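Q: Below is the sequence, then the predicted model.
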Amino acid sequence: MRLPNMWQQASLNPVRGPDREIARFAAAACMSIKQFKRLPAEKQQEIRWAYLRLMSPSNV
């Protein structure tokens, strides 16, 4: 799990529809959106919580 760099962040901007929410979590886990969707729901939730903890203002 890592923060997306500026190029990854720029590639997430054109994503539209239901994949827009998933895109940032997938990028932070170094996965494509397709790979992220294939994960079990528990793993997806773990990645979401890890991303939110990483981006938390308390970490700044």
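A: Yes, it's here.
Q: Every contact and neighbour count from this point should use C-alpha atoms.
A: Will do.
Q: Now the most centrally placed residue in the chain. Nearest residue, chain neighbours left out?
A: Centroid-nearest residue in the chain: F25, 1.1 Å away (criterion: C-alpha atoms, centre = their mean). Excluding the flanking residues, the one nearest F25 by C-alpha to C-alpha, 6 or more residues apart in numbering is R48, at 6.1 Å.
Q: Hmm, the residue nearest to the centre of the chain is touching Y51, no?
A: Yes: F25 is within contact range of Y51, at 6.6 Å (criterion: C-alpha atoms under 8 Å).
Q: that older thread, I'd like to know how many residues surround the residue nearest to F25.
A: Neighbour count for R48, taken as other C-alpha atoms under 10 Å: 18.
Q: Next: A41.
A: Neighbours of A41 under the rule other C-alpha under 10 Å: 11.
Q: got it, and A26?
A: Considering only other C-alpha under 10 Å, A26 is surrounded by 23 other residues.
Q: any chance you could map the strands in this structure?
A: Shown for the chain, no strands are assigned by DSSP state E.
Q: Next up, the contacts around P4.
A: Contacts for P4 (C-alpha atoms under 8 Å, 6 or more residues apart in numbering) come out as R24, A27, A28.
Q: Helices - which of these land there?
A: Counting by DSSP state H, the contacts of P4 place R24, A27, A28 in helices.
Q: picking that back up, so which of the contacts of P4 is the closest to W7?
A: Distance to W7 across these (C-alpha to C-alpha) is lowest for A27, with 10.9 Å.
Q: sorry, back to before: by neighbours, which of the contacts of P4 wins?
A: Counting neighbours by other C-alpha under 10 Å, R24 comes out on top of the contacts of P4 with 24 neighbours.
Q: Could you double-check that that residue sits in contact with L12?
A: Yes: with contact defined as C-alpha under 8 Å, R24 and L12 form a contacting pair (6.9 Å).
Q: Show me the shaky parts of the protein.
A: Residues of the chain meeting the criterion pLDDT under 70: 60.
Q: biggest helix in it by residues?
A: The longest helix of the chain (DSSP H) is helix 41-55.
Q: what packs against it?
A: helix 19-28 (3 or more C-alpha pairs under 8 Å, 6 or more residues apart in numbering; DSSP states H and E).
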